[in-house]
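K.L.:
here is a sequence with its predicted model. Questions after.
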Amino acid sequence: MDAISQVLEILTPPLKKAGYELAEVKLTRDNEGLTLHIYVDRDAPISLDDIVKVSDLINPLLDEADPIAEPYTLDVSSLGSEKPIPLDRLEHYLHYHVNLHLSKPHEGQNILEGDLEGVTLSEIKLLVAEKTRKKEISLPRGDVDKARLAIKF
């Protein structure tokens, strides 16, 4: 079993029990050495206190299991304010401001941004700004191939 698989196996259950999801694990090397990147997520926003809590939880687990043979730096963070949204969980983000990437353009646009107003098995309703007004757009759910949270300006 490789190091990433071991880390996933070690950390997934305790993080889930603590209310977090292990979103991504990466191991990178640069001039400073090896870094283990742990990205956590949950439906609620993640604060700096949460990152400290997660770090305190996983540090002893990684020290005990020692899945990486050489010295490394641990980097724990969240997916950020523009995190990707799994397409099968879109309905959990109703009324959030989102960015949708479309596989089939809608009125010539491959990327739409707006407030997620509705999600069914076949359709997504998005409230988008058009100049000074808001317009609701209905999109076939199958046309959306990527989604992420977006920052509203």
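P.N.:
Good, I have the coordinates. Residues are numbered from 1 along each chain as shown.

K.L.:
longest helix of the chain?
P.N.:
Longest helix in the chain, counting residues (DSSP state H): helix 48-65.

K.L.:
which helices and strands does it pack with?
P.N.:
Applying 3 or more CB pairs under 8 Å, 6 or more residues apart in numbering; DSSP states H and E, we find helix 48-65 packed against helix 3-17, strand 33-41, strand 73-78. Bear in mind the C-beta positions are built from the backbone N, C-alpha and C, glycine included.

K.L.:
report the buried residues of the particular helix or strand that has residue 102 in it.
P.N.:
Counting by DSSP states H and E, the element that carries residue 102 is strand 97-106. For strand 97-106, a neighbour-count test (16 or more other CB atoms under 10 Å) marks 97-100, 102, 106 as buried.

K.L.:
right, and out of the residues you listed, which lies closest to residue 152?
P.N.:
residue 97 (4.2 Å; CB to CB).

K.L.:
residue 112 is in contact with the closest one, correct?
P.N.:
No: Residue 97 is not in contact with residue 112 according to CB atoms under 8 Å; the separation is 11.5 Å.

K.L.:
in contact with residue 81, which residues?
P.N.:
Contacts for residue 81 (CB atoms under 8 Å, 6 or more residues apart in numbering) come out as 149, 151.

K.L.:
so it versus residue 153, what's the distance?
P.N.:
Here residue 81 is placed at a distance of 13 Å from residue 153 (CB to CB, to the nearest Å).

K.L.:
do the same with residue 146
P.N.:
Look at residue 146 and residue 153: by CB to CB, they are 21 Å apart.

K.L.:
neighbour-wise, which of these two wins?
P.N.:
Taking other CB atoms under 10 Å, residue 146 and residue 153 do not tie; residue 146 has more neighbours (13 against 4).
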